[in-house]
Each structure stands twice: as C-alpha cells, then as structure tokens.
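Dropping the sequence and predicted coords here.
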Amino acid sequence: MKLRYLLSLLFTSFFLTHSFSQGFTDASTFGFSPDATGVANVEALQKAVDQGGTIIVSKPGTYKVAGTTYIGSNTSLEFGKGVVLQKVDEVGAFTHVLLNKGALTRTYDEHISVKGLHVSVNGVVKRFNEVFGLRGQIAFFYVKDLRIEGFRCYDIEGVQFSIHVCTFEDLLIDDTILVGNKDGIHLGRGNRFRISNATFKTLDDALALNAHDYATSNPEVGWIENGIIENCHDLSLEGQPLVGYFCRILAGGWVDWKEGLELQNADAVVTGGRIYRVDGIGNDGKPLKKIWVTKTRPTHREGTVELDGIKWVMMQEDVQYTAGVRNVVFRDIFLEKPRSTFSIHFDNSSWSRSYYPDAEIPEQKKLLFDNITVLHDGELPFVKVNTPVDAFTITNCSLRNSGILFHGKKGYVPDYGKTYVNFYGNTLNKKGEMNFLENRVPGKEVILYTANNVELFEDFKAVINEGDGKFKIESDLSGLK
C-alpha cells in the first residue's frame, strides 16, 4: 500500500513537472475528470486555473461542474474537441460556469482567454448570485483584453444569458454557436469590441448592447462604444413566438436624487458620488407595479439597503447621467428569423423605464449597417428607432418587406431630435409598394438621403408615412423621386 502511494505521488509529480516545463497546466493532473463529481471537478479546475498561464482540458468527455470556477489575470483556459462542461445541481443551483475573479471586488482582470468551451446548461439556472445583475453562463465584469473563442451552448434556458460581459475594454468574441430561450450575447458598458462568426438560434435577443438595462440584467450602466459585429447568422427557433430582436441597442438617462422623487422598479438616481437603482422585483420574479416616494437618501457603499420601503442597490461609483451605444459597425449578417432586426431602443414598462422625466436626453450615435441580407419575408421593421440618434447608415444591404420605423410614446422624451438616414447601394427585393419609412413621433425631424440603389421589380414603389414629422428627402427610389 505504501509503495502504491509513493508511486502515485511520483506519477503526479512527473505530470505536474512535465506540464509546467511545457508551459501549460493540464487540469487532469489536479483530478479534473469525466468520472469525477461536479463538486470535485470544480475544486480541481479551480486549482488548475489558479496556476495562471495556459490551462488545458484535452480528454474528450462530459465533465460535471457543480459550481463556479473563478479565473484571474494572465490566464488562458483551453478545451479540446469533444469536451463539454455540464452544469449539475449537486449542492444547489448556481449561475456561472466561469466568472473572472475581479468581478467580486470590481477590480480589473487583464489578459484572459477562453478557447473551445462548450457549456451544457442541463436545466441548472439561477438569475444571479455573486454579482447583482450579472446573468451569464460565462460572465466577465471588470475585464480588459478578454478573448472568447469557439464557445458553444445549445440549451440556453430560463433567466440566464449565454455570454454576459459588462465594464470591459478590448473584448473579442469569435466563433460561437448559441441556441436556446434567452439572450445569446449580452453586453453592458464597455469600449472597443469585436464579435465575429456567430450563429444564433435564440428566442430572445441574439445580441443585446444594453448600455442601460433592467436593474437585474446588468450590474452597471454606461456607454457601449467603438465596436464591430460581423459575419453573424440569425436562425429561426421552430415553434416559438417572435420576440426580441437580432440586436437591441439600448439607451437611458437618469437624475440626481432628491426628496419626493416618485420612483418605480429599476429607476436610477445619482447621489454621494454613486449611482443607486430601485430593486422592485417581487418574490415571483416579476416587477412590483407600484410607485414609491423616496424620503431618505441612500448612502451605503455596497449591496442593498431598504429605505422608505424602497430596496436600493448600490450600482456603481463611476457617476454618469446617460448611457447608450455609439460608433458601432454591423456587417456581413444573414437574417432568417422574421423578427425586427435592429431596435435603437428605450425600455418603457414596469421592468424598466430607460428615461426618467427631466433627465439629460441620451443621443445614440453613428451606427452603420453594411451588407445585411434579409432572407425572410416578414414585415417587422429592419431598423426600429425610439430614442434620439444622430445618424445611421444602411448600405450594401438586401432588403425585402421590412423598412424603417420611428416611434415613441407621446411625452416620454421631450425632444427626439434630428436624425440623418443615409441609404445607398442597397438591393430592394420587393414587388409593388414597400412601407419604406414610417414616422409616429410628432415633430420628429428626419433627413433622408438615398442613392445608387437597385430595384429588382419594375413595379417597386417606396412609401413614406411622415406622420406629424418634419422631413427632408433626396432620393433615387421610385415613389420618392
């Protein structure tokens, strides 16, 4: 028995030494195995990841995981072909398969890469746990230089997103296939990103650029900017209703706290150098449809405190008053699912109202839609706008029945501003009249330029419903010349 034990130690020591000498750590040397329990595998993978550097999982198989693995700076986690991490409920439901360590303290992790990870949700979902509002199967919060490559998830379920990243710089997500009933890739505030080569088959949003959000769906708010989203496919999910968008582009604005403010679920206020939000979600997971009047200023530095019957969540110490999306390119995208494609968006429901009365008005900016191919005959809008936006360009696209819609609740925002729409070099696959642009916002000012477009049918005619808006149009389209 003693000899066997000594041989085992020598064998383990050899593999550890060999792995380190090769410049990588093999997680199997710590006991990470298809034959181990979910609890044992989480302990083993955590030990491996704590080594830093490059960690590999090479043996094909389904590995049970019963909790979260926390990954830190200067770490690459690489999974071989045929490796699946399957969530299991051995000690209770949990949220994340993978979470960066700095998320717990709001300190930046840097230089992290995750390659070849395939997660099976297996019905194990929990809205959030470690960080209020962070809901990804894999999630990163406060991170710089993050690469996610080759990620797969075919059973997105319930109240969780697949990939969730918030408060980031320099993000790359490449080669993903995401299938299921919730968001595919969900971003919060951040700067410089590229999402490439993604296939989505999701009930809810394929992509969410949610600079503002439900209080329970992003841990911080702020601008999402300077990014590229390219070579994506949006597929239909059979037997499911049409909800969500290919991409939600969500803005918001909020105010300073003062006594007497009337508040609802998810409203945000600024006070004492921090942003606080109202957590008005009931025990059933749905918003309480009520109005609270705040009398006591929130001052706590972290967590949730109840004052005047209001549950205040301390959201962030980086104070700003608006959030939105700017300087983002969408290109080489193929759309099979007949839902609205791009929603330049305000929320306005009991889940969240993006704009608080008398707040600074956020203006989303400079969005480019290039070489987008609509493969369906649905009539929901291609671009749907209910926030101020300075300009967007549609070019090299192939469109059928879906056009542009400006809409908004009367009085919700005092001024929706002026929007330039640049529409050129597109192919219009529509027989007869096309509802090209409709405006439902009184006083909305739209300047539309179209040029060098191709109409495939002789009887094509573009129709514009200006409503009570103010339009300037210079166009090459039949019906608008």
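Noted; the coordinates are in hand.

Every contact and neighbour count from this point should use C-alpha atoms.
Will do.

Touching, Leu261 and Val293? I think so.
Yes: with contacts counted by Cα atoms under 8 Å, Leu261 reaches Val293, the gap being 5.7 Å.

Look at the nearest residue to Pro219 once chain neighbours are set aside and say how many residues are nearby.
Among residues not flanking Pro219 along the chain, Gly133 sits closest, at 4.6 Å (Cα to Cα, 6 or more residues apart in numbering). As a burial measure, Gly133 scores 18 neighbours (other Cα atoms under 10 Å).

pretty sure Gly133 is touching Ala215, no?
Yes: at 6.5 Å, Gly133 counts as touching Ala215 under the criterion of Cα under 8 Å.

tell me which residues of stretch 334-343 are tucked away?
Residues Phe334, Leu335, Glu336, Lys337, Pro338, Arg339, Ser340, Thr341, Phe342, Ser343 are the ones in stretch 334-343 that count as buried (16 or more other Cα atoms under 10 Å).

mind checking the end-to-end distance for that stretch?
Taking Cα to Cα, to the nearest Å as the measure, stretch 334-343 stretches 17 Å from start to finish.

Go ahead and confirm Asn452 touches Asn426.
Yes: Asn452 lies in contact with Asn426 (Cα under 8 Å); the separation is 7.4 Å.

Nearest the geometric middle of this protein, what residue?
By Cα atoms, centre = their mean, the mean C-alpha position of the chain lies nearest to His186, the distance being 1.4 Å.

Secondary structure class of that residue, three-state.
Three-state call for His186 (DSSP: H, G, I helix; E, B strand; the rest coil): strand.

And for the one 5 residues further on?
Three states are possible here, and by three-state DSSP the one that applies to Asn191 is strand.

Counting neighbours, what do you get for it?
Number of residues near Asn191 (other Cα under 10 Å) recorded here: 17.

residues contacting it?
Contact analysis of Asn191 by Cα atoms under 8 Å, 6 or more residues apart in numbering lists Phe168, Glu169, Asp170, Trp223, Ile224, Glu225, Asn226, Gly227.

where exactly do the strands run in the stretch 101-250 of the chain?
109-115, 118-120, 136-149, 152-156, 161-180, 185-187, 190-202, 207-210, 224-234, 247-250 (DSSP state E, counting those that start in this stretch).

Report the separation between Val383 and Asp347.
For Val383, the distance to Asp347 (Cα to Cα) stands at 16 Å.

what does Trp254 give?
Distance, Trp254 to Asp347, by Cα to Cα: 13 Å.

so what sits against both of the two?
Jointly contacting Trp254 and Asp347 under the rule Cα under 8 Å, 6+ apart are Ser354, Tyr355.

The two: which is more packed in?
Trp254 (24 against 18).

domains of the protein?
Following automatic domain parsing, the chain resolves into domains at 9-253+321-389, 258-314.

Would you mind measuring the gap between the ends of the last one?
Between the start and the finish of domain 258-314 there is a gap of 16 Å, counting by Cα to Cα.

gap between it and the chain center?
In terms of Cα atoms, centre = their mean, to the nearest Å, the centre of domain 258-314 is set 24 Å apart from its chain centre.

Rounded mean pLDDT for it, please.
The average pLDDT for domain 258-314 rounds to 96.

Begin at 26 from now on, thanks
Let's use 26 as the start, then, which means that last one is domain 283-339.

Quick one: closest of the domains of the chain to Glu458.
Across the domains of the chain, Glu458 has its closest neighbour in domain 34-278+346-414 (12.3 Å, Cα to Cα).

re earlier: for the residue nearest to the centre of the chain, give the beta-bridge partners.
Bridge pairing for His211 (DSSP bridges) gives the partners His189, Ala233.

Surely it and Ala236 touch.
No: using Cα under 8 Å, His211 is not in contact with Ala236, being 10.1 Å away.

Contact partners for the closest residue in space to Ala73 that isn't next to it in sequence?
In space, Ala73 comes closest to Ala52 once its chain neighbours are excluded; the distance is 5.3 Å by Cα to Cα, 6+ apart. By Cα under 8 Å, 6+ apart, Ala52 lies in contact with Ala69, Leu70, Ala73, Val74, Ile80, Ile81, Val82.

and the one helix or strand the second one maps to, what does it pack onto?
Looking back up the chat, that one is Leu70. For Leu70, the host element (DSSP states H and E) is helix 63-74. Helix 63-74 is packed against strand 86-90, strand 94-96, with contacts defined by 3 or more Cα pairs under 8 Å, 6 or more residues apart in numbering; DSSP states H and E.

Would you tell me which of those gets closest to Gly175?
Using Cα to Cα, the nearest of the helices and strands packed on helix 63-74 to Gly175 is strand 86-90, at 16.8 Å.

Just the mean pLDDT for the closest one, thanks.
Strand 86-90 carries an average pLDDT of 99.

For that strand, give me every contacting residue.
Here strand 86-90 makes contact (Cα under 8 Å, 6+ apart) with 57-64, 66-67, 107-113, 122.

If we use 10 Å, what do you get?
Strand 86-90 has contacts (Cα atoms under 10 Å, 6 or more residues apart in numbering) with 57-68, 70, 105-115, 122, 143-145.

Fine, thanks again, bye for now.
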